[in-house]
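**Q** Coordinates only, no sequence provided:
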């Protein structure tokens, strides 16, 4: 038998016709992506490859990849290689309930009768019933798993031998959402769709064609159009265009009447799909709104920003520059400044400071007049942005509040606390002491106590620790002999089982005028239906002094700080 080296003249031809496994083994795929790795493993399984699996890139196969296994030998090798024989290993599962749901409005019971691991797609695809004995006790649940996994022969067996009524397989609540044909359409399982359809099933919605168009399953789109009546929505054409499935887009335009949605170009601009924006504008004369340029700017898609500016008349709002500033897109900020007139708001300087964009901050300071607020230094101090704070202190006049030191203390930024106490006059409140104690920032705590000569703030911090039942903070304050902690037996006091990471003020606080929260308003300067710029603290210039009865929750999360838009 001739060896590989004996047919060198045919190497090029063979390689050109080879599958992913052969290409990879011969060095033709240097850095395979996730999809390619799945295809390589698919070849390993389908060919029943006897080579060294350790030479294949490590990536857990999906159920659709496992389906290509046809022999028990490879199945058993897979279970061992990927750890399915080890009871201590956890694997991804899909759960199904053993009951029918006709539609999405039927009351759903959150229960799980079977848990299907990825490897079980092998016996399900090959209908190896001996491997499915535990699952066969719940035939309806297994039938749902068969539909979702594309195991048509198993579904036929369950219908013929186990009493499953295919007409009652309707809506899936878990692990997928949608009607049976919708889910099959998502995976491109035309044979499953045909079987359900031929069986008289009506478990289909516009979602089927929509999702098939999005995923690029042309034959499914065509068959649904020719054989079903549910049709689609404008999302089908939108998504086909946005995902580059031009052949599907042309088919839908020719055979369907739903057209493109009003926000198709807005969405394409937001996600940086330059070719789609150009196609929609030049080939389909689609409409857009100011959201297109706003979103493109906010997410740093400079090419789209420039194209929309030169080819559309809708313009943008202050959100465009605000968003670009917030996300650190200096090139976009400069372009908008020099080429458009909408400008920005004081949100820009505040968010540039908060997010540490010193280059943008300097540009805004030099070229814009909107200014900032005390939030700039406050938020920069909280995040330890010492260069930002120094620049703002030396070059701008907005100043800060006591929150700057309080929040810097809460985050353990000793250098920031020292700088602010030396160069600023706003000072700090008991919260800085309390949060430093609570966070275990001992050096910061000692430094603040050294600067609390009257011990009024340290006494308030002790009172807050007691009120919050925060043993950890109290112990630290007592160890440093803070006023109000003397003589108290911690073992006789009531403490919370959980460490307290927030501060809650009430009208009895001596310093509640200094209280402020970085509220968990899940709003952004981009997404506001009234097209008004959002200041993230309710757009109220007096808001910072009107929150004495609110909580300082999770102050460094993306949901709690107004400088974070996205």
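**A** Cool, the structure landed. All values reported here derive from a predicted model rather than from experimental measurement. Numbers count the residues shown, from 1 in each chain.
**Q** Could you use CA atoms for every contact and neighbour count after this?
**A** Noted.
**Q** domain ranges for the chain?
**A** Per the record, the chain has its domains at 4-81, 93-256, by automatic domain parsing.
**Q** Helices of the stretch 301-450 of the chain, start to end?
**A** Along the stretch 301-450 of the chain, the stretches classed as helices by DSSP state H, counting those that start in this stretch are 302-311, 318-326, 330-339, 347-354, 358-367, 375-382, 386-395, 403-410, 414-423, 430-439, 442-450.
**Q** could the ones you listed go into TSV alongside mean pLDDT, mean neighbour count and distance to residue 237?
**A** Output for the helices of the stretch 301-450 of the chain, formatted as TSV (pLDDT from 0 to 100; neighbours: other Cα atoms under 10 Å; distance: least, Cα to Cα, whole Å):
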stretch	mean pLDDT	mean neighbour count	distance to residue 237
helix 302-311	98	18	21
helix 318-326	97	29	27
helix 330-339	98	18	30
helix 347-354	96	30	36
helix 358-367	98	17	39
helix 375-382	96	28	44
helix 386-395	98	18	47
helix 403-410	96	29	49
helix 414-423	98	18	53
helix 430-439	95	27	53
helix 442-450	96	19	58
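**Q** Of the ones you listed, which is nearest residue 456?
**A** Closest to residue 456 of the helices of the stretch 301-450 of the chain, according to Cα to Cα: helix 430-439, at 8.1 Å.
**Q** Just name whatever secondary elements the closest one is in contact with.
**A** Judged by 3 or more Cα pairs under 8 Å, 6 or more residues apart in numbering; DSSP states H and E, helix 430-439 is in contact with helix 403-410, helix 442-450, helix 456-467, helix 471-479.
**Q** can you put the ones you listed in a markdown table and add distance to residue 17?
**A** Shown next, in a markdown table, are those (distance: least, Cα to Cα, whole Å):
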| stretch | distance to residue 17 |
| --- | --- |
| helix 403-410 | 63 |
| helix 442-450 | 67 |
| helix 456-467 | 72 |
| helix 471-479 | 68 |
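**Q** Out of these, the one nearest residue 277 is which?
**A** Closest among these, using Cα to Cα: helix 403-410, at 43.3 Å.
**Q** got a list of contacts for that closest one?
**A** Outside helix 403-410, the residues that touch it by Cα atoms under 8 Å, 6 or more residues apart in numbering are 377-384, 414, 416-417, 420-421, 427-429, 431-433, 435-436, 439, 441, 444-445, 514-516.
**Q** got the contact list for the helix or strand bottoming out on mean pLDDT in the chain?
**A** Every helix and strand in the chain was compared by mean pLDDT, DSSP states H and E; the lowest is helix 11-16, with a mean of 70. Helix 11-16 is contacted by residues 22-23 when judged by Cα under 8 Å, 6+ apart.
**Q** first vs last residue of stretch 16-26, how far apart are they?
**A** 12 Å (Cα to Cα, to the nearest Å).
**Q** hmm, back to that, would you turn the helices of the stretch 301-450 of the chain into TSV with distance to residue 296?
**A** As requested, these are arranged in TSV below (distance: least, Cα to Cα, whole Å):
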stretch	distance to residue 296
helix 302-311	6
helix 318-326	8
helix 330-339	9
helix 347-354	17
helix 358-367	18
helix 375-382	25
helix 386-395	27
helix 403-410	33
helix 414-423	35
helix 430-439	39
helix 442-450	42
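**Q** looking at those, which is closest to residue 291?
**A** helix 318-326 (8.6 Å).
**Q** other SSEs contacting that closest one?
**A** Checked by 3+ Cα pairs under 8 Å, 6+ apart, helix 318-326 has helix 290-298, helix 330-339, helix 347-354 packed alongside it.
**Q** sorry, back to before: right, and the helices of the stretch 301-450 of the chain - which one's nearest residue 290?
**A** helix 318-326 (9.0 Å).
**Q** quick check: angle from the closest one to helix 347-354?
**A** 10 degrees (axes from the mean of the first three to the mean of the last three Cα atoms, to 10 degrees).
**Q** now helix 318-326, how far from the centre of its chain.
**A** 21 Å (Cα atoms, centre = their mean, to the nearest Å).
**Q** And the contacts of it?
**A** 293-300, 330, 332-333, 336, 342-345, 347-349, 351-352, 355, 357, 360, 525-526, 533, 563-565.
**Q** Then stretch 267-284?
**A** 241-242, 244, 265, 286-287, 292-293, 295-296, 299, 301, 303-304.
**Q** Same list, the domains of the chain, but as a markdown table with distance to residue 493 and mean neighbour count please.
**A** Putting the domains of the chain into a markdown table (distance: least, Cα to Cα, whole Å; neighbours: other Cα atoms under 10 Å) gives the following:
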| stretch | distance to residue 493 | mean neighbour count |
| --- | --- | --- |
| domain 4-81 | 53 | 15 |
| domain 93-256 | 43 | 19 |
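**Q** need the least confident one among these, by mean pLDDT.
**A** Sorting the domains of the chain by mean pLDDT places domain 4-81 lowest, at a mean of 89.
**Q** Distance of residue 424 relative to residue 418?
**A** Applying Cα to Cα, the value for residue 424 to residue 418 is 10 Å.
**Q** can you list residues touching both of these two?
**A** With Cα under 8 Å, 6+ apart, residue 424 and residue 418 have no common neighbours.
**Q** Can you show me the helices along the stretch 151-300 of the chain?
**A** 152-161, 180-186, 190-198, 206-215, 218-227, 234-242, 246-255, 264-270, 274-282, 290-298.
**Q** Of all the ones you listed, which one is nearest residue 368?
**A** That would be helix 290-298 among these, by Cα to Cα, at 17.5 Å.
**Q** relative orientation of that closest one and helix 330-339 in degrees?
**A** 130 degrees.
**Q** Does residue 115 fall in a helix, a strand, or a coil region?
**A** strand (DSSP: H, G, I helix; E, B strand; the rest coil).
**Q** Okay, it and residue 174: tell me how far apart.
**A** Taking Cα to Cα, one finds residue 115 at 11 Å from residue 174.
**Q** Now for those two: what residues contact both?
**A** Counting by Cα under 8 Å, 6+ apart, the residues touching both residue 115 and residue 174 are 94-96.
**Q** now those residues in CSV, with secondary structure and distance to residue 48?
**A** Converted to CSV, those look like this (DSSP: H, G, I helix; E, B strand; the rest coil; distance: Cα to Cα, whole Å):
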residue, secondary structure, distance to residue 48
94, strand, 26
95, strand, 29
96, strand, 31
